[in-house]
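Q: Predicted coordinates and the sequence they were generated for:
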Amino acid sequence: MAVVCGIDEAGRGPVIGPMVMAGVIIEEADIPALKKLGVKDSKQLSPKSRESLFPEIIKSVIGHQIVIISPQEIDNALFSDDLNLNWLEAHKAADIINTLQPDKAVIDSPSTNCVAYARYLRKLLDNKHIELVCAHKADVNFPEVSAASILAKVTRDQEMAEIQKKYGDAGPGYSSNPITQKFIRENWEKHPEIFRRSWETYKTQERNKFQRSLDGFDGGK
């Protein structure tokens with residue numbers, strides 16, 4: 001019986017905090033048991049449901065791995081000539097697959113071109129012959145990926161809770177959120193380590209400061 005790995009991420013879009021990727025490995029015959037637990041895409045579950053499912057998933061699978069990708073690592077990838085966010089995800093997915101060593105891996109593809117993403121990912125794998133499925137909405141359609149999405153989301157929420165505790169109310173970390181917008185304006189310079197400086201939202205703050213500096217310089221003439 002094949003051993004299957006499901007992989008998903010949480011926190012790809014926020015300007016604050018890390019992105020988290022998670023993988024679970026499970027016997028193919030045991031995948032229906034995940035559905036019986038109530039496992040589904042993490043976005044379809046309440047925070048309380050996700051938190052209660054987290055330990056149940058870990059007990060139900062053969063193994064799992066959670067990778068926390070810091071804002072600095074994301075920025076380094078996006079400021080480099082060799083990587084973008086999709087390729088960074090591919091490298092982290094490859095690390096998970098190489099560690100868990102499944103016969104088959106199912107990944108929620110971050111790229112619109114699933115074929116190209118799968119081709120890039122396969123080059124990073126120790127086992128070049130693994131069955132690889134890179135699909136859109138894999139977190140909805142494959143319970144093993146849904147399980148990984150829950151582990152990733154709960155971990156991301158825990159990381160954000162630590163940020164809230166240390167730095168104050170940052171909201172969910174998304175640029176569109178009013179609480180997050182206020183937090184960015186007040187903290188982008190004081191605590192750059194928690195921000196993704198490659199995000200347009202952060203760069204806007206830098207540009208605004210630069211413009212104010214120029215205005216002040218011109219006004220002093």
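A: That came through, no problem.
Q: What is the burial count for S52?
A: 15 (other Cβ atoms under 10 Å). (Glycine included, C-beta is placed from N, CA and C.)
Q: Next: the one 5 residues further on.
A: I57 is surrounded by 23 other residues when neighbours are defined as other Cβ under 10 Å.
Q: How about it: what's its closest non-neighbour residue?
A: Distances taken as Cβ to Cβ, 6 or more residues apart in numbering place A147 nearest to I57, at 4.8 Å, with adjacent residues excluded.
Q: For that neighbour, report the pLDDT, please.
A: pLDDT, A147: 97.
Q: That one contacts C5, doesn't it?
A: No: using Cβ atoms under 8 Å, A147 makes no contact with C5, being 10.5 Å away.
Q: what sits in contact with each of these two?
A: V24 (Cβ atoms under 8 Å, 6 or more residues apart in numbering).
Q: which residues in this structure form strands?
A: Using DSSP state E, the strands found in the chain span residues 3-10, 19-27, 63-69, 104-108, 131-135.
Q: hang on, isn't Y117 packed against A94?
A: No: using Cβ under 8 Å, Y117 is not in contact with A94; the gap is 11.5 Å.
Q: could you measure the residue nearest to I57 against G63, distance?
A: For A147, the distance to G63 (Cβ to Cβ, to the nearest Å) stands at 12 Å.
Q: Are there residues contacting both of these two? Which ones?
A: Counting by Cβ under 8 Å, 6+ apart, the common neighbours of A147 and G63 are V24.
Q: These two: which has the busier surroundings?
A: Between A147 and G63, counted using other Cβ under 10 Å, A147 has the larger neighbour count: 32 against 15.
Q: and the more buried one, what does it touch?
A: Contacts of A147 (Cβ under 8 Å, 6+ apart): G6, V24, I26, L34, V39, I57, S60, V61.
Q: now do 7 Å
A: Contact analysis of A147 by Cβ atoms under 7 Å, 6 or more residues apart in numbering lists G6, V24, L34, V39, I57, V61.
Q: Same check on I150?
A: Contacts of I150 by Cβ under 7 Å, 6+ apart are V39, S42, R50, L53, F54, I57.
Q: Flag the least confident of those residues.
A: Across those, no position has a lower pLDDT than S42, which has 93.
Q: So that one versus D169, what's the distance?
A: Remark: distance between S42 and D169 (Cβ to Cβ) = 23 Å.
Q: okay, the two: which has more neighbours?
A: Legend: neighbour count by other Cβ under 10 Å for S42 and D169, higher for S42 (25 against 10).
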